[in-house]
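Q: Task: produce atomic coordinates for the following.
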Amino acid sequence: MNRLRTILLLAGVLLVAAAIAGVAQPHLGRSATSSTDGTITVTGDGTVDAAPDRASFDFGVTTNGSTAGEALSRNSAHAHSIVTALRKAGIAGSDIQTTQVSLWPQTSSSGTQIIGYQASNSVQVTAALGKSGALVDAAVRGGANNVGGPNLDVADKSALYNQALKQALQDAKGKAQAIAVGAGVTLGSLLKVHEGGSAAPMPMFAQDRAAPLSVPIEAGTQHIQASVTVTYSTG
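A: The predicted structure is shown next:
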């Protein structure tokens, strides 16, 4: 009997001590839970599809000569011919840019003797997609023996990116609302928005959207993507 009383007395003392500790340090008096600052932060994404309407090419010419002067002279003549052909095809001078001029020796198989020289010149041209085929034809007729491209692009990326941003904001709000409902709270005001993503288009190849050309150029579709991270208050 005395033993039982002693056990009960000790149990009571322990309960009182635990209660006092819980009052003095509330975080020790309850089970661990995930803390909240009364906000919801989510990321939203938006995508706008657009058909490319611009194309850029690199047109180059490589020539050989027994001397450096001869190789460079021949190369310059061909380069001028290419630029002239491009302008006759309707390309403005502001859309033609020289990107590379080079000259280097050609050596024998043993590498001990210079047997000639090689010169190279390249220009980059940007034009409407509908002119792409004619552009390549003109450059090759003008003397280009190196052709690189096309690099397809959308002229009005800014407006399309703004549309993608609006979609991203709507997507983020929908996610935040779903989280609020699931958590049993009310979605409050928008506190913070952080823009992410990029306006750089991502290609998605599809059918040819340009008119039939002598050199076929498949335009396909490009994705203009944007993302935002937003924070809402909760009630």
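Q: Show me where this protein has its helices.
A: Along the chain, the segments classed as helices by DSSP state H run 2-24, 68-88, 132-141, 157-183.
Q: out of those helices, deepest packed?
A: Comparing the helices of the chain by mean neighbour count (mean count of other C-beta atoms under 10 Å), helix 132-141 ranks first with a mean of 20. All C-beta spots, glycine's among them, are computed from the backbone N, C-alpha and C.
Q: related to what we said a few turns ago, quick one: closest of the helices of the chain to Gly148.
A: Comparison of the helices of the chain against Gly148 by C-beta to C-beta identifies helix 132-141 as nearest, at 10.7 Å.
Q: Tell me which of the helices of the chain sits nearest to Asp49.
A: Of the helices of the chain, the one closest to Asp49 (C-beta to C-beta) turns out to be helix 157-183, at 8.9 Å.
Q: Return the list of helices and strands in contact with that closest one.
A: Judged by 3 or more C-beta pairs under 8 Å, 6 or more residues apart in numbering; DSSP states H and E, the packing partners of helix 157-183 are strand 39-50, strand 187-197, strand 221-234.
Q: in its sheet, what does the shortest one sit against?
A: This means strand 187-197. Using DSSP bridges, the strands paired with strand 187-197 are strand 221-234 (antiparallel).
Q: relative to helix 157-183, how tilted is the partner strand?
A: Between strand 221-234 and helix 157-183, the angle comes out at 40 degrees (axes from the mean of the first three to the mean of the last three C-alpha atoms, to 10 degrees).
Q: what's Val101 in contact with, if anything?
A: Ala119, Ser120, Asn121, Ser122 (C-beta atoms under 8 Å, 6 or more residues apart in numbering).
Q: pLDDT score assigned to it?
A: On pLDDT, Val101 comes in at 93.
Q: what's the answer for Leu191, then?
A: For Leu191, the model assigns a pLDDT of 93.
Q: so what's it closest to, chain neighbours aside?
A: Leaving aside its chain neighbours, Leu191 sits nearest to Thr231 (4.7 Å; criterion: C-beta to C-beta, 6 or more residues apart in numbering).
Q: List the residues that contact that neighbour.
A: Counted by C-beta under 8 Å, 6+ apart, Thr231 has contacts Thr39, Ile40, Thr41, Leu190, Leu191, Lys192, Val193.
Q: how close does Gly130 sit to Pro52?
A: 11 Å (C-beta to C-beta, to the nearest Å).
Q: One more: Ala164?
A: 16 Å.
Q: same question, Lys166
A: Lys166 is 22 Å from Pro52, by C-beta to C-beta.
Q: now do Gln113
A: 49 Å.
Q: give me the low-pLDDT residue ranges for this structure?
A: 1-36, 197-219 (pLDDT under 70).
Q: and with 50 instead?
A: Across the chain, residues meeting the criterion (pLDDT under 50) sit at 1-35, 202-213.
Q: just checking, Gln118 touches Asn64?
A: Yes - under the criterion of C-beta atoms under 8 Å, Gln118 makes contact with Asn64 at 5.3 Å.
Q: shared neighbours of the two, which are they?
A: Ala71, Gln106.
Q: more crowded one of the two?
A: Neighbours per residue, other C-beta atoms under 10 Å: of Gln118 and Asn64, the larger number sits with Gln118, 17 against 14.
Q: residues contacting the more buried one?
A: Gln118 touches Thr62, Thr63, Asn64, Gly65, Ala71, Leu103, Trp104, Pro105, Gln106, counting by C-beta under 8 Å, 6+ apart.
Q: Much appreciated, bye for now.
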